[in-house]
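>>> Give the three-dimensional model of this entry:
(chains A and B)
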Amino acid sequence: MKEQIIPSATTGVSGEHKGEVRIELPVTGMTCASCTATIEKALASMDGVREATINFATQRAFVSYDPGRVRVARIINVIKESGYDVGSEKITLKIKGMTCASCVRKVEDALKGSPGVVRAEVNLGSESASVEFLPSMTTIESLRQVIESTGYRTETEPSPTREEDSKTREYRTLLRRFIVAALISVPVIVVSYPKFFPVLKDMDMETLRLLWIGASILTLPALVYSGSSFFTGAVAAFRHRAADMNTLIALGTGMAWLFSTVVVLFPGLFPENAREPYFDVVSVVIALVVLGQALELRAKGKTSEAIKKLMGLQAKTARVVREGAEVDIPIEEVLVGDTVVVRPGEKIPVDGVIIDGRSSVDESMLTGEPLPAEKQAGDEVIGGTINKTGAFRFKATKVGKDTALAQIIKMVQEAQGSKAPIQRLADTVSGYFVPAVMVIAVTSFVLWYDLGPEPRIILALLGAVTTLIVACPCALGLATPTSLMIGVGKAAENGILIRNGEAIQVASALDTVVLDKTGTITVGKPTLTDVIVKEGAAEQDIVRFAASLEKNSEHPLAEAILQGAEARGTVPSEPGDFEAIPGHGVEGIVDGKRISLGNRKLMERVGADLDLFEKDSHRLADEGKTPIFVAVDGRAAGVIAVSDPLKEDSVEAISGLKGLGVDVVMITGDNRRTAEAIARRVGIDRVLAEVLPEDKAREVKKLQLEGRKVAFVGDGINDAPALARADVGMAIGTGTDVAIEASDITLIKGSLLGIQAAISISKATMKNVRENLFGAFFYNTALVPVAAGILYPVWGITMNPILAGAAMAMSSVTVVSNANRLRFLKVR
Amino acid sequence: MDRVIVTAAGILTIGWIVWFFLFSKKKQYRAAVSSGIQEVFIRVKGGYDPDVIVAKAGKPLRLVFKREEEASCTEMVVFGAFNKSAKLPPYEEVVVELLPEKPGEYDFSCQMGMIRGKLIVEE
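Next up, the predicted model:
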């Protein structure tokens, strides 16, 4: 296939000259002028490239080439192969409206022909374009414009504000419908009860009938306008062979209107005492139910407040350094690797690591931690948090949907949309509920008609209509999801991410919490604290031996030892014959001596006698430090101790958990003595020590076999199996790493206090769900039979249909309002 | 006499309600396959149209929802068995992608479980 002529990747102008094209590419990563020579040489040696010059000052490559023999992509590759990069980025844009392969071509050509585009591929199947472009030359927004100029639309994420608009519109519509129905109700009520009103009371039957015909016409707008959604909804459901709340209200009010109209038009069909219409039932019930819907909608709006708050945290623009200058660009265009500048009082736009500068950052909106965090070069910053005092620059590490905030929002949304197991019952019931109510309504009609007193037809009708109206499947359906939404949102506000409804339900019933020691109870940054050596030996030597062995180790304690060595001014050397023995320690040759570094087991293995260090090692362990023995040529030479400080609120958190009636267990790979010393300090009674990392899941299972509901709390890095095994896996997150796969609950803030808060919120949420479910079930099971007339034979009690309408409207409002109480839950 | 008629009519109505809502067979809609992806367009208005979808196991399934109403009942669709849910802003197309692996019947519904559909996954 012959290569088509591609215009300049940067200017868009086709620089064709005697079959030759000249392009300009920004090159990144050049640190010195001599780099230019390397790239120039590499480019010039390419077949098809006539000339290549690099301007170091502007960081630009100018390449003249024959498009018939070489592609731009190949040129870029060569630059990359010589160790540099063209500042290009890849993005995927969603395109709507493409129907055929020729559309693909059209969009692709338009993209390829626009300045700054290096490569463009459009896929019809996935309706997307993947574009490689030069961010220094073009923006995502102009790429969108290019696509839209070809007549297709690019898709953007649905914005929360538009959703908001549709909610407000619906609310207004409902209010208007309510007002219309309410206004109609006033005259309709008056003519429905003539005996209570002075002038009407003296009217004869014929005049009243005329008024009633008027009422029949007057209630029509209430039916077709105010109640339209009930009828359209009922029809839509009917077409799907389903029935819902709309069906019930439509049937109830429709029957009442039809009967009443027949009564006033053909009174002769009915016995003397059954010639009164019930138009008031039609308009008042519709008014009440619509009002209920409006109130419910407003109350429901509050349930998603937490997610709205989170979405509002997202910054709109970012100030980044491009081409040496600071420019404000839309947040969507910030790329990984960009240098972002943040001034005091500004929102941090994306996730990253501080390059220079220092400041305190308010992260309370994400972590719930009220105190601002001090940040300096090398520290992580999280997008959406607020820079308080200083200015700094940071390198963007996560942008777009990868940022912590974006993931938090996604997780909260997913959790809010998930179902708790407790809902299954309500779901099953609501599947049969509406048909069941209809069956009860028909039964009620028949029984009243067959067995009831006169006027039977009226009582039969009222029984059926009241039954249809009083039943409230919505309350049943709303009970779990609304509480769950608020509970999950409340948790998110406190820096607790709950994966789904099931996690909340299980967390509410926990009785055991297993805490990993390192990184969970302790800070996870051990330091070298003590060095004890045999008389006559040099402390320095022992430290150097240890550090040399740990030089290439990935063990968490290695860093502590290396740093300790550095602090003592010793320089580790390269160990020979290095070997790591899992669960024991490490061995190797240093300075021609065989050094063993590890725990008691290792010392037994090499046959080193520990008598000399017995007392010291016990003392160290009792202080909560981890003793590590050093043997030289199989002889014990010293013991060094490493200690990992406790997190400052671990003690408080553990006593708080005990206060909730939860057993706390500590699990660690550390030796028993040290583990017990730490457990004593934080107030833990049960310790599982000397557990190999891969056995943690098994220990969790053992606890579950004791009949316990177990939560495992770890840092999510190497305890994934245990997190997954536990009934609830809680990962203690750090910084921007929020989406820890194996965990059911992620505590964004590193503190253990989050566990107690997570359990409390779960308990409160489930309590609320149960209240709602009980209320909804009780309401329906109690009132539906009463409406049908079950109390009539004994006590002569029936239910007024208008009262039924009011009760129905209130029931779902009550459920949502009760759920809303959760918003005021005090955590801790 | 009228009582007999009303009673008979009542029993017939009850029988019809039970049959119509619980036992009658719903129309099924088979997902169209193009380039390895199964796709169904679902209109959301007082219900899911179509509401019984038949798809093949093991092939990615794209369900394109378009909610053509503002009534908030249908603002969310939940696939409990797949632990997936999606917000459906009015008059916008929202794609839910699933990979049905095991044959079987999976319900999907609005958040309250009032409006339901069924996904039938075949071998």
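
>>> For the rest of this, base every contact and every neighbour count on C-alpha atoms.
Noted.

>>> lowest average confidence, helix or strand, in chain B?
strand B:32-34 (a mean of 76; mean pLDDT, DSSP states H and E).

>>> Per-residue pLDDT of A:Asp737, please?
pLDDT for A:Asp737: 65.

>>> Now do the same contact list for residue 59.
Assuming you mean chain A. Neighbouring residues of A:Gln59 by Cα atoms under 8 Å, 6 or more residues apart in numbering or on different chains: A:26-28, A:30.

>>> nope, chain B please
B:Lys59 neighbours (Cα under 8 Å, 6+ apart): B:36-38, B:99-101.

>>> Could you verify that it is part of a strand?
No - using DSSP: H, G, I helix; E, B strand; the rest coil, the assignment for B:Lys59 is coil, not a strand.

>>> Quick check: it vs B:Val121, distance?
Remark: distance between B:Lys59 and B:Val121 (Cα to Cα, to the nearest Å) = 10 Å.

>>> overlap in contacts of the two?
Joint contacts of B:Lys59 and B:Val121 (Cα under 8 Å, 6+ apart) are B:Pro100.

>>> which of the residues in the host helix or strand of A:Leu405 are buried?
If you go by DSSP states H and E, A:Leu405 is part of helix A:404-417. Buried residues in helix A:404-417, counted by 16 or more other Cα atoms under 10 Å in any protein chain shown: A:404-409, A:411-417.

>>> so does the helix or strand following it get close to chain B?
Per DSSP H and E, the first helix or strand lying C-terminal to helix A:404-417 is helix A:423-451. Yes - contact of helix A:423-451 with chain B (Cα under 8 Å from any Cα of the partner chain) involves A:427, A:430-432, A:435, A:438-439, A:442-443, A:445-446, A:449-450.

>>> got the contact list for the helix or strand containing A:Thr38?
Assigned by DSSP H and E, A:Thr38 belongs to helix A:33-44. For helix A:33-44, contacts defined as Cα under 8 Å, 6+ apart pick out A:30, A:49-56, A:75, A:78-79, A:82.

>>> and with 10 Å instead?
The contact list for helix A:33-44 (Cα atoms under 10 Å, 6 or more residues apart in numbering or on different chains) reads A:27, A:29-30, A:45, A:49-57, A:59-65, A:74-84.

>>> any low-confidence regions in chain B?
For chain B, applying pLDDT under 70 flags the ranges B:35.

>>> Can you tell me the closest non-neighbouring residue to the residue positioned nearest the centre of chain A?
The centre of chain A sits closest to A:Met411, judged by Cα atoms, centre = their mean, with a distance of 1.6 Å. Excluding its sequence neighbours, the residue lying closest to A:Met411 (Cα to Cα, 6 or more residues apart in numbering or on different chains) is A:Arg499, at 6.3 Å.

>>> Which phi and psi values does that neighbour adopt?
Taking degrees, to the nearest 10, you get phi -70, psi -40 for the backbone angles of A:Arg499.

>>> What does the pLDDT read for it?
A:Arg499 carries a pLDDT score of 87 in this model.

>>> Then A:Gly524?
Listed pLDDT for A:Gly524 reads 78.

>>> ok, back up a step: tell me which of the contacts of B:Lys59 is nearest to chain A?
Ranked by distance to chain A (Cα to the nearest Cα), the contacts of B:Lys59 are led by B:Ile37 at 8.5 Å.

>>> So which of the contacts of helix A:33-44 are in helices?
For the contacts of helix A:33-44, the ones inside helices are A:74-81, with DSSP state H as the criterion.

>>> residue ranges for the helices of chain B, please.
B:2-18.

>>> so what's the closest residue to chain A within it up against?
For chain B, the residue closest to chain A is B:Met112, as judged by Cα to the nearest Cα, at 4.2 Å. Each residue near B:Met112 by Cα under 10 Å, 6+ apart is listed here: A:419, A:423, A:426-427, A:430, A:473-482, B:73-74, B:76-78.

>>> so A:Val713 sits in a helix?
No - assessed by three-state DSSP, A:Val713 does not belong to a helix; its assignment is strand.

>>> Of all the helix elements in chain A, which one is longest?
helix A:753-788.

>>> Quick check: buried residues in it?
Judged by neighbour count (16+ other Cα under 10 Å), helix A:753-788 contains these buried residues: A:753-773, A:775-777, A:779-780, A:783-788.

>>> cool, stretch A:346-357 as well?
A:346-355, A:357.

>>> those strands in the stretch 51-200 of chain A, which residues are they?
For the stretch 51-200 of chain A, the strands defined by DSSP state E, counting those that start in this stretch cover A:60-65, A:85-86, A:89-96, A:117-123, A:128-133, A:153-154.

>>> Kindly reformat the ones you listed as a markdown table containing distance to chain B.
Output for the strands of the stretch 51-200 of chain A, formatted as a markdown table (distance: least, Cα to the nearest Cα, whole Å):
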| stretch | distance to chain B |
| --- | --- |
| strand A:60-65 | 38 |
| strand A:85-86 | 35 |
| strand A:89-96 | 10 |
| strand A:117-123 | 12 |
| strand A:128-133 | 13 |
| strand A:153-154 | 13 |
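
>>> Output those in TSV; the columns should cover mean pLDDT and mean neighbour count.
What follows is the strands of the stretch 51-200 of chain A, written out as TSV (pLDDT from 0 to 100; neighbours: other Cα atoms under 10 Å in any protein chain shown):
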stretch	mean pLDDT	mean neighbour count
strand A:60-65	80	21
strand A:85-86	75	20
strand A:89-96	76	16
strand A:117-123	78	22
strand A:128-133	79	21
strand A:153-154	79	18
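
>>> so which residue of chain A comes closest to chain B?
Of all residues in chain A, the one sitting closest to chain B is A:Gly477 (4.2 Å; Cα to the nearest Cα).

>>> Can you tell me what sits against the helix or strand containing A:Val794?
Following DSSP H and E, one finds A:Val794 within helix A:792-795. Residues outside helix A:792-795 that contact it (Cα under 10 Å, 6+ apart): A:448, A:451-452, A:786, A:798-799.

>>> list the helices and strands whatever helix or strand comes next after it packs on?
Per DSSP H and E, the first helix or strand lying C-terminal to helix A:792-795 is helix A:801-820. On a contact count with 3 or more Cα pairs under 10 Å, 6 or more residues apart in numbering or on different chains; DSSP states H and E, helix A:801-820 meets helix A:245-265, helix A:279-303, helix A:456-470, helix A:473-493, helix A:753-788.

>>> So for helix A:801-820, what gets flagged as buried?
Within helix A:801-820, the residues that count as buried by 16+ other Cα under 10 Å are A:801-820.

>>> how far is that helix from where the chain is centred?
Relative to its parent chain, helix A:801-820 has a centroid offset of 31 Å by Cα atoms, centre = their mean, to the nearest Å.

>>> and the helix or strand where A:Gln563 lies, average pLDDT?
A:Gln563 belongs to helix A:556-567 when assigned by DSSP H and E. On average, the pLDDT along helix A:556-567 is 83.
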